[in-house]
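>>> Generate coordinates for the sequence data below:
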Amino acid sequence: MPLNIPNLLTWLRIVLIPLFVAVFYLPHSWISGHEANLVATAIFAIAALTDWLDGYLARSLNQTSAFGAFLDPVADKLMVAAALIVLVKLGRVDAMVSLVIIGREIAISALREWMAKIGASKSVAVSFLGKVKTTAQMAAILLLLYHEKMPLIDAQTVGTGLIYIAAILTLWSMAYYLRMALPHALKSGQP
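Residues are numbered from 1 along each chain as shown. As a prediction, this is how the structure comes out:
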């Protein structure tokens, strides 16, 4: 495992997960609901920032590695899944929406692993649609974690709208990736 700045940032994202979840389990005498929302939102925002930063630094410092390429998406999926599970528990996200998003992440991860094994991983490389989905998803999660009204918007209402958009984009991008993988799946099934 190469120990470099991008990989350390990825590990930081993983370490932040239990801290993020723990915020909502602290006694109310230690932290108010408003403070828990603020702290959890800040932790998730830091994690989202490290997601962008580790990729940028890996490319710009020429510190890409096979281990980093493996660990980065795992950290992303763990953080998003933890956030969605917490939001379902808090009643801020519908369980079906979370199931769609988490299920797609697992399915596409498995698809990418299989495509890499048959030497066709470029067919399911991250697409622009996947990036739009991720942006909507991250913005939605931040707003749903914050959960409170702001001067110009109601975080819960806008976050709910964005998470539904993210769920639709999730299904759309999954269909796109499956369509890209289909020719390789048909070809690999032949003798």
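>>> What segments of the protein are strands?
Here the chain has no strands by DSSP state E.
>>> quick one: low-confidence ranges for this protein?
Scanning the chain for pLDDT under 70 picks out the ranges 1, 120-125, 127, 188-191.
>>> The longest helix along it: which residues count as buried?
Identified as the longest helix of the chain according to DSSP state H is helix 155-188. Using 16 or more other Cβ atoms under 10 Å as the test for burial, helix 155-188 gives 155, 158-160, 162-167, 169-170, 173-174, 177, 180-181, 184. (Each C-beta comes from the backbone N, C-alpha and C, glycine too.)
>>> Same question for stretch 11-23.
So for stretch 11-23, counting by 16+ other Cβ under 10 Å, buried means 11, 13, 16-17, 20-21, 23.
>>> now stretch 67-77
Counting neighbours by 16+ other Cβ under 10 Å, stretch 67-77 gives 68, 71-73, 75-77 as buried.
>>> how much space between Trp114 and Thr170?
Counting by Cβ to Cβ, to the nearest Å, the gap from Trp114 to Thr170 is 20 Å.
>>> With Thr10 instead?
Distance from Thr10 to Thr170, by Cβ to Cβ: 23 Å.
>>> hmm, back to that, which helices and strands sit right next to the longest helix of the chain?
helix 95-117, helix 128-146 (3 or more Cβ pairs under 8 Å, 6 or more residues apart in numbering; DSSP states H and E).
>>> 10 Å - rerun?
The contact analysis (3 or more Cβ pairs under 10 Å, 6 or more residues apart in numbering; DSSP states H and E) places helix 155-188 against helix 66-89, helix 95-117, helix 128-146.
>>> for the ones you listed, which one ends up most surrounded?
Of all the helices and strands packed on helix 155-188, helix 128-146 carries the top mean neighbour count, a mean of 20, counting by mean count of other Cβ atoms under 10 Å.
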